[in-house]
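In: below are the sequence and a predicted model for it; my questions follow.
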Amino acid sequence: MNIRHLLATMAFAAVALTGRAVKVETTANLYVFYPSYTKIDLVCGQMPKAAQKDVDFCCEAAFTGELLSTFKHSNIADNHISGGVMKKGYRCKANTGGFMWRKGKWQFVRKAGFPTAADGWSMGFCQLLIVKDGVARPIGTRMRENRNIYRALCEKDGKLCIIEAKRYMSYETFVKSLTAYKVTHALYLDMGYGWNYAWYRDEDGRVKERFPESKSATSYLYRTNWITFYQ
């Protein structure tokens with residue numbers, strides 16, 4: 001291989017790697033992660049490991065009911081679709097919406113619109129609906145002032161992204177920050193110490209962890225499901 005061909009090959013590889021990277025944007029209050037992906041799944045039972053080179057981003061998705069020593073789909077809040085198969089979860093009144101994906105299409109829906117069968121959807125789960133069609137959903141009085149580092153699955157300008165609060169803030173402030181960023185849809189993602197651990201790959205293919213300190217939390221051992229973006 002001559003030097004010109006070698007340099008061209010290296011340049012192409014660099015562009016390809018960058019194209020697969022998770023793009024990170026910031027606002028005054030938010031971190032915004034845009035995964036590059038060809039597939040999304042709801043992985044259940046065990047979080048994808050960093051050794052899985054085809055994974056670009058993964059984080060906790062639906063709520064977990066109880067701290068059980070063994071995994072059961074019935075311990076995930078509401079019915080969910082994993083690997084194209086509908087699984088039965090426990091009924092969760094807190095959930096008001098859902099998300100489904102199959103290649104080339106996704107939907108954010110109110111909970112009543114979540115399918116009763118997989119019907120060709122590759123993955124899906126239910127959660128608290130934050131924003132629908134550009135409009136913030138009503139916030140309950142008790143929830144309004146709750147402070148946390150929040151995270152949500154969102155659609156912005158026709159692209160999927162994961163948005164995370166930069167710091168502890170009230171839920172109302174987080175919602176206002178999402179609408180100021182002009183997301184079309186937003187669905188809550190499970191957070192809290194232990195549940196908030198996530199990881200993604202940067203433009204050099206290196207693993208970047210979110211909240212690695214939470215791996216020492218007791219709750220870390222009892223997580224049940226992860227929205228996972230694959231290259």
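Out: That came through fine.
In: and residue 131, what does it touch?
Out: Residue 131 is in contact with 137, 154, 175, 178-179, 183-186, counting by Cβ atoms under 8 Å, 6 or more residues apart in numbering. (C-beta placed from N, C-alpha, C; glycine too.)
In: quickly find the element holding it.
Out: strand 129-132 (DSSP states H and E).
In: next secondary structure after that strand?
Out: Downstream of strand 129-132 (by DSSP H and E), the next one is strand 135-136.
In: what sits against residue 60?
Out: Residue 60 touches 189-191, 195-198, 223, 225-227, counting by Cβ under 8 Å, 6+ apart.
In: JSON lines for those, including neighbour count and secondary structure?
Out: Below are those laid out as JSON lines (neighbours: other Cβ atoms under 10 Å; DSSP: H, G, I helix; E, B strand; the rest coil):
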{"residue": "189", "neighbour count": "28", "secondary structure": "coil"}
{"residue": "190", "neighbour count": "23", "secondary structure": "coil"}
{"residue": "191", "neighbour count": "21", "secondary structure": "coil"}
{"residue": "195", "neighbour count": "22", "secondary structure": "coil"}
{"residue": "196", "neighbour count": "24", "secondary structure": "coil"}
{"residue": "197", "neighbour count": "23", "secondary structure": "coil"}
{"residue": "198", "neighbour count": "24", "secondary structure": "strand"}
{"residue": "223", "neighbour count": "21", "secondary structure": "coil"}
{"residue": "225", "neighbour count": "26", "secondary structure": "strand"}
{"residue": "226", "neighbour count": "24", "secondary structure": "strand"}
{"residue": "227", "neighbour count": "27", "secondary structure": "strand"}
